[in-house]
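J.: my questions are about this predicted structure, shown below with the sequence.
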Number of protein chains: 2
Amino acid sequence: MGIREPLGELGCGLSHALEVMGERWSFLILRAAFNGLYHFEEFSEELGIARNILSNRLGKLVENGVLERTPCETDRRKVEYRLTEKGLGLLPAMLALRQWGETYSDTCNRDLVLVDCRDGQPVKQIGVRAHDDRELGWHELGWQMPDKIGTPVDRHSHAYTKEDA
Amino acid sequence: MGIREPLGELGCGLSHALEVMGERWSFLILRAAFNGLYHFEEFSEELGIARNILSNRLGKLVENGVLERTPCETDRRKVEYRLTEKGLGLLPAMLALRQWGETYSDTCNRDLVLVDCRDGQPVKQIGVRAHDDRELGWHELGWQMPDKIGTPVDRHSHAYTKEDA
DNA sequence: CAAATATGGTTGCGAATCGAAACTTAACGT
DNA sequence: ACGTTAAGTTTCGATTCGCAACCATATTTG
């Protein structure tokens, strides 16, 4: 029956990431946190999310170490949700998603550009880089076992199968 | 009532990306597609996802231009789902998520490393880069209006508010 | 050709999750 | 003391999910 298998059994880090961030609203809450929102009511108002869901998601993000929950010193009704280091580590993933969305949506808002605040120049499109900084496409990539690193991979010689994972 | 507001009203490209990829399983289907799976039964077996949900997700991914659905030439019972250019464009986002998951999960599988298949060297950690390739953290970034690009941004001089968006 | 099998779904139904609004609890502010 | 604000919790109906069974078509087998 409808019991949700944790998804974490699917092996790779992606599954873990999705367990933490894969629910509706999680990424938008994160975006709001990146944009400097701290309080429950701020998230609620900004996102228009139902309060019970917001409560649940914030709890889960805290539980998973993405946000830190601290009662406010000056006003003890308030609670502050702040990004942890782990949460900040999601910036590349979030930005990559955003850039992808911007590239392929014709309706989304492009009024603000993410820039290097030192010089005001836009950041680069996020991509996959080799150790020597070359940009790599999917066809230039392959999976290798940790003990065989450094051995070139004959990509596309075989399709992916369970045995590979 | 539980009617799902499209989320797309939240402005930026992230909302659009989440509308396309934000549902449970979507990213794992994509990962499977990147790993060379083409057919309904392959996805079904690999992921253990319910068939109706798989059908629905594949349909949505096709509808959104991430996958292309083509009946197989040689066996017309079969259907091939292949990544489009738009779908391939999700590689950085997916990899960033995976890397994040690997960094912060202690249980996930690290038996395979993504490498540059030319030389077998692992790819770099995905990050945000300035136009001159410096790596940037969140505190070095700011939002700028398109017509003011090139003007340094005084980050953190003000918190994010609705007016900024 | 008929029957069996493979592939890619669709349908029905119960369980889990989501969403909106009302309610609760505790802390300020005056 | 009284109203207000902040952060949730509860309630309840709507939606979605997961499982199993069923269906439609194409291919293989006898």
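T.: Thanks, I have the structure now.
J.: below-threshold pLDDT in chain A: ranges please.
T.: Scanning chain A for pLDDT under 70 picks out the ranges A:1-10, A:155-165.
J.: could you list the domains of it?
T.: For chain A, automatic domain parsing gives the domain ranges A:8-89, A:92-164.
J.: chain neighbours aside, what residue packs nearest to A:R82?
T.: Excluding the flanking residues, the one nearest A:R82 by CB to CB, 6 or more residues apart in numbering or on different chains is A:E68, at 5.1 Å. Heads up, the C-betas are built off the backbone N, CA and C, glycines and all.
J.: what about that neighbour, distance to A:W100?
T.: With the distance defined as CB to CB, to the nearest Å, A:E68 ends up 29 Å from A:W100.
J.: quick one, helices of chain A?
T.: A:13-21, A:26-34, A:40-47, A:51-63, A:85-88, A:91-104 (DSSP state H).
J.: could you give the angle of the fourth one to helix A:40-47?
T.: Just to be clear, that refers to helix A:51-63. 110 degrees (axes from the mean of the first three to the mean of the last three CA atoms, to 10 degrees).
J.: outside of helix A:51-63, which residues touch it?
T.: Contact partners of helix A:51-63, identified using CB atoms under 8 Å, 6 or more residues apart in numbering or on different chains, comprise A:20, A:23, A:25-26, A:29-30, A:40, A:43-44, A:47, A:49, A:67-69, A:81, A:87.
J.: just those residues that are near DNA strand C?
T.: A:23, A:25, A:49 (CB under 7 Å from any atom of the strand).
J.: give me the neighbour count for the second one.
T.: Neighbour count for A:W25, taken as other CB atoms under 10 Å in any protein chain shown: 21.
J.: next one: the one 5 residues further on
T.: A count of nearby residues for A:L30, using other CB under 10 Å, gives 23.
J.: what do you get for A:N109?
T.: 15.
J.: swap in A:E135?
T.: The number of residues near A:E135, taken as other CB under 10 Å, comes to 12.
J.: A:C72 versus the residue nearest to it when sequence neighbours are not counted, what's the distance?
T.: Excluding the flanking residues, the one nearest A:E135 by CB to CB, 6+ apart is A:G127, at 4.8 Å. Using CB to CB, one gets 40 Å for the distance from A:G127 to A:C72.
J.: out of these two, which sits in the more crowded spot?
T.: The residue with more neighbours, out of A:G127 and A:C72, is A:G127; 16 against 12, by other CB under 10 Å.
J.: cross-check the contact I'm expecting between that one and A:R134.
T.: No - look at A:G127 against A:R134 with CB atoms under 8 Å: they stay out of range, at 9.9 Å.
J.: re the thing from before, which one of the contacts of helix A:51-63 is nearest A:V113?
T.: Using CB to CB, A:L30 is the member of the contacts of helix A:51-63 that lies nearest A:V113, at 19.6 Å.
J.: great, nothing more from me.
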